[in-house]
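Colleague: Give me a 3D structure for the following:
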Amino acid sequence: MTHRFSWAVGIFCGALSSGLRADPPPLLEKALEQWVAAREDFAFTQQTRFFLDDGKVKRERAERYDPSLPDSRRWRLLEIDGQPATDEQRKKWESAKNQYPRKKAVKSPAAYLDLDNAKLVESTPKSARFEIGLRPDAMHLLAVENIVFVIAVDKESGGIALISATLRQPISVLMGLARITDLDVDVRIEPTDKGPERKSGDVQIGSIARVTMSKLGNSMEYNWSDFKRVTSYGQTKEPI
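Modeller: Reported below is the predicted structural model:
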């Protein structure tokens, strides 16, 4: 899985059937521009579980990813099979996990979204909710017509208030070598301040992301939680 929470868009980029082209909704477009301009990323806790054929957990691991830290310390091992990791386990695992520089995103996650065909599905005085597919040219090895993204924009701040994604039915990936059987993303973001100048803030407690998949007959599940918005290591914010 990708080292950045932007996997929620990037990993599922694929071929979508697209209809007539239209201009992107200005409110949605500006919210995504604000998100990218903030140069922020997510720290999160990742739980990986591997299952036996009878559905019982074979092994599991919990780790913390924090892109605000240097590459040598961005991943930290927390638990193995429900027990706190020992110093020896942490040293071995973290040394292997952090030995390579983090992958740099070639494109913003927003570049994968088919904004021209975004649909306004709900509008209230406070927010607007859009249903969005993925761009037809995003990745031709993966058919993603059964993945639906929803982004809600806070009208007062102009920032993103919700990112969610669901899977309508299982899909094959990696040229049929793996199969995604469940996807659930529900990330809610609080504004930091009230008033017209407020910006998007931290992620609400209880926000989750989960994907269940089968690879070469082996079932596994990834859970992401405890999100925190941070500035990536080495990035500085320019004055607005």
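Colleague: For this protein, which segments count as strands?
Modeller: Secondary structure of the chain (DSSP state E): strands located at 40-51, 57-65, 75-80, 83-84, 119-123, 127-132, 147-154, 160-167, 171-173, 178-191, 200-203, 208-215, 218-231.
Colleague: tell me the contacts of the closest residue to residue 82 other than its chain neighbours?
Modeller: Ranked by CB to CB, 6 or more residues apart in numbering and with sequence neighbours excluded, the top spatial neighbour of residue 82 is residue 60, at 6.9 Å. Where you see a C-beta, it was placed from the backbone N, CA and C, and this is true even at glycine. Under the criterion of CB atoms under 8 Å, 6 or more residues apart in numbering, the contact partners of residue 60 comprise 47-50, 79-82.
Colleague: Indicate which one of the strands of the chain is closest to residue 92.
Modeller: Each of the strands of the chain was scored for nearness to residue 92 using CB to CB, and the closest is strand 75-80 (8.8 Å).
Colleague: Kindly export that closest one (C-alpha atoms) in CSV.
Modeller: Presented in CSV, the C-alpha positions along strand 75-80 are these (Å, rounded to 0.1, in the frame of the first residue of the first chain):
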residue,chain,number,x,y,z
TRP,A,75,7.3,4.6,10.2
ARG,A,76,7.1,3.3,13.8
LEU,A,77,6.2,-0.3,14.8
LEU,A,78,3.6,-0.3,17.6
GLU,A,79,2.2,-3.9,18.0
ILE,A,80,2.6,-7.4,16.7
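Colleague: That strand versus strand 57-65: what angle between them?
Modeller: Strand 75-80 and strand 57-65 meet at an angle of 150 degrees, taking axes from the mean of the first three to the mean of the last three CA atoms, to 10 degrees as the criterion.
Colleague: low-scoring stretches of this structure, by residue?
Modeller: Confidence mapping of the chain against pLDDT under 70 gives the ranges 1-23, 38-40, 105-109, 136-146, 174-176, 191-201, 236-240.
Colleague: residue farthest from the centroid of it?
Modeller: When distances to the mean C-alpha position of the chain are computed (CA atoms, centre = their mean), the maximum falls on residue 88, with 30.6 Å.
Colleague: residue contacts, that residue?
Modeller: Residues touching residue 88, when contacts are defined by CB under 8 Å, 6+ apart, are absent altogether.
Colleague: do the same with the one 10 residues further on
Modeller: Contacts for residue 98 (CB under 8 Å, 6+ apart) come out as 71-75.
Colleague: roughly how far apart are it and residue 229?
Modeller: Using CB to CB, to the nearest Å, one obtains 22 Å as the distance from residue 98 to residue 229.
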